[in-house]
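**Student:** no sequence on this one, just coordinates:
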């Protein structure tokens, strides 16, 4: 049998045990599962697949697949390349590109220099996601609750955590740790402390926050999250280190990560990824038609705000190397402990792609000794560059357009310099008013004491003076609010 698609034909190996392509491997798995869903047994499905002359319409784009494979054959994209004791190229990598408008997988690669028989498709195998988990588990939830905006401010300094579990854990800052950061800047700079403090505001208790983050990850199509209250800390994801910083029990695959970010790109609608559209007999009789499941994760306004925040990762933060010219890109870098695994997940108005680079975990030499992992040279910048090298030629002949903004979204430019000057002036004026008021009160009390009328008039004078104080404070507060509003709406986008 062969796989037929527009501009692509993939020869299926005759021996079921010999799988020579990540794409063929994944197509096989998906078609066999679809046939079994139709009532075929495993043996019947295998026989039909290899001997039934099936016509399988794939979603793979041949030119995109060729570009992806070309970049993976370029060793300069992968610093410190070696061949380990088992003959496997390290560091390894995988990437998936999806048209998020319909969930169709356009290109997929499950490893570097994979030849002959293999059992591991890294494109569908979970690895630690690092900070790429933050937009899914934390920031989308924060914006969606309407309790926080991208301008909400938290300190990026270490400490000051709300829950005792986090005070005991006490994660260190990954930024300067010397001031306040908005959610937008905290995400752009990938601040761990801001992420933890944001997550702590998703619920009333530690477990409430865990539940919220778990729910969002599941709605984003992440199936490898371990939601167990009885497992040990190493085999459950019910903790802030797992859900906030990505230190998960198993991790997330590039395929699921692509589809999850694709939901944000697609106006908040998640579409299950698919690699084929139809399966027919040799004479054209339809056997299976792919019908990807879809559901809404968040409203389109929330998704657009997240897209705007993720664009800042490239313009203001850690992902500048993922730029592909004038084409808008939103995305997120990710780095695990000691830079053992680095990610970039990003999307344009056309496609979403997820990739990681890192040595395979759990390798052993010929003597059975564990092989140590190596940090990825260049950290997440290396992965961002790989992503850009793959995506730039794919978008080369596509029209440069921006992400579509929902009608319910408005942006305002804030002149922060003028705002700070005005606030300092107002605080100075307010301090002067307090001094004047204090002197005034003391003078009145002294006059009353001189007239020996303090006890008689005390109640009336207190009421009068309190009224004067309230009037002055209201006038001052009104002035401050008026100036702030004027500055906020100075220029509307």
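**Tutor:** Cool, the structure landed. Small disclaimer: the values here were computed from a predicted structure and weren't measured.
**Student:** switch to C-alpha atoms for all contacts and neighbour counts from now on
**Tutor:** Noted.
**Student:** in the stretch 301-450 of the chain, what residue spans correspond to helices?
**Tutor:** 380-394, 416-450 (DSSP state H, counting those that start in this stretch).
**Student:** worst mean pLDDT among those?
**Tutor:** For these, mean pLDDT drops lowest on helix 416-450, to a mean of 56.
**Student:** residue 82: neighbouring residues, count only.
**Tutor:** 13 (other CA atoms under 10 Å).
**Student:** can you give me the strands in the stretch 51-200 of the chain?
**Tutor:** Applying DSSP state E, counting those that start in this stretch to the stretch 51-200 of the chain gives strands spanning 55-58, 82-83, 89-90, 92-99, 104-109, 153-155, 180-182.
**Student:** ah, wrong one, I meant the stretch 201-350 of the chain
**Tutor:** Remark: strands assigned in the stretch 201-350 of the chain by DSSP E, counting those that start in this stretch are 269-271, 276-280, 286-289, 294-296, 330-335, 341-347.
**Student:** can I get those in a markdown table including distance to residue 25?
**Tutor:** Formatted as a markdown table, the strands of the stretch 201-350 of the chain follow (distance: least, CA to CA, whole Å):
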| stretch | distance to residue 25 |
| --- | --- |
| strand 269-271 | 22 |
| strand 276-280 | 13 |
| strand 286-289 | 18 |
| strand 294-296 | 24 |
| strand 330-335 | 27 |
| strand 341-347 | 23 |
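**Student:** tell me which of those strands sits nearest to residue 40.
**Tutor:** Proximity to residue 40, assessed across these by CA to CA, is greatest for strand 286-289 (11.2 Å).
**Student:** and the closest one, which strands flank it?
**Tutor:** Neighbouring strands of strand 286-289 in its sheet, by DSSP bridges, are strand 276-280 (antiparallel).
**Student:** what's the burial count for residue 311?
**Tutor:** Using other CA under 10 Å, residue 311 has 24 other residues around it.
**Student:** check the gap between the residue nearest to residue 296 when sequence neighbours are not counted and residue 126 for me.
**Tutor:** Ranked by CA to CA, 6 or more residues apart in numbering and with sequence neighbours excluded, the top spatial neighbour of residue 296 is residue 269, at 4.3 Å. Between residue 269 and residue 126 the distance is 23 Å, computed by CA to CA, to the nearest Å.
**Student:** try residue 261
**Tutor:** The gap separating residue 261 from residue 126 is 16 Å, by CA to CA.
**Student:** so between these two, which is more surrounded?
**Tutor:** More crowded of residue 261 and residue 126, by other CA under 10 Å: residue 261, with 30 against 21.
**Student:** mind listing what the more buried one touches?
**Tutor:** Going by CA atoms under 8 Å, 6 or more residues apart in numbering, residue 261 touches 136, 220, 345-347, 352.
**Student:** got it, and residue 219?
**Tutor:** Neighbour list for residue 219: residue 297 [criterion: CA under 8 Å, 6+ apart].
**Student:** and for the one 3 residues further on?
**Tutor:** Neighbour list for residue 222: 252, 256-257, 260 [criterion: CA under 8 Å, 6+ apart].
**Student:** can you do 7 Å?
**Tutor:** In this structure, residue 222 makes contact with residue 256, judged by CA atoms under 7 Å, 6 or more residues apart in numbering.
**Student:** please apply the same query to the one 3 residues further on.
**Tutor:** Applying CA under 7 Å, 6+ apart to residue 225 gives the contacts residue 237.
**Student:** ok, now residue 158?
**Tutor:** Applying CA under 7 Å, 6+ apart, we find residue 158 in contact with 171-173, 177, 193.
**Student:** and the two most separated of those?
**Tutor:** Taking CA to CA as the measure, these span a maximum distance of 11.8 Å, between 171 and 177.
**Student:** before we move on, back to that, include distance to residue 276 and mean pLDDT when you put the strands of the stretch 51-200 of the chain into a markdown table, please.
**Tutor:** Compiled in a markdown table, those are given as follows (distance: least, CA to CA, whole Å; pLDDT from 0 to 100):
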| stretch | distance to residue 276 | mean pLDDT |
| --- | --- | --- |
| strand 55-58 | 4 | 96 |
| strand 82-83 | 34 | 94 |
| strand 89-90 | 30 | 96 |
| strand 92-99 | 12 | 98 |
| strand 104-109 | 8 | 97 |
| strand 153-155 | 45 | 94 |
| strand 180-182 | 42 | 91 |
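**Student:** any idea which of those gets closest to residue 282?
**Tutor:** With CA to CA, the closest approach to residue 282 among the strands of the stretch 51-200 of the chain belongs to strand 55-58: 6.1 Å.
**Student:** the closest one pairs with which strands, and in what direction?
**Tutor:** Partner strands for strand 55-58, per DSSP bridges, with pairing direction: strand 2-5 (parallel), strand 276-280 (antiparallel).
**Student:** which of these has the lowest mean pLDDT?
**Tutor:** Comparing mean pLDDT across those, the weakest is strand 2-5, with a mean of 36.
**Student:** from residue 180, how far out is the residue nearest to the spatial centre of the chain?
**Tutor:** Nearest to the geometric centre of the chain sits residue 135, at 3.2 Å (CA atoms, centre = their mean). From residue 135 across to residue 180, the span is 20 Å (CA to CA).
**Student:** ok, now residue 29?
**Tutor:** Distance, residue 29 to residue 180, using CA to CA: 49 Å.
**Student:** who has more neighbours, the two?
**Tutor:** Taking neighbours as other CA under 10 Å, residue 29 and residue 180 compare with residue 180 leading, 15 against 11.
**Student:** wait, the more buried one touches residue 152, no?
**Tutor:** No: using CA atoms under 7 Å, residue 180 is not in contact with residue 152, being 9.8 Å away.
**Student:** what is the burial count for residue 38?
**Tutor:** Residues lying near residue 38 (other CA under 10 Å) number 12.
**Student:** now swap in the one 10 residues further on and tell me
**Tutor:** Residue 48 has 17 neighbours, counted by other CA under 10 Å.
**Student:** and it, that one's in a strand?
**Tutor:** No: read with DSSP: H, G, I helix; E, B strand; the rest coil, residue 48 is helix and lies in no strand.
**Student:** not counting sequence-adjacent ones, nearest residue to it?
**Tutor:** Here the residue nearest residue 48, using CA to CA, 6+ apart, is residue 54, at 7.3 Å.
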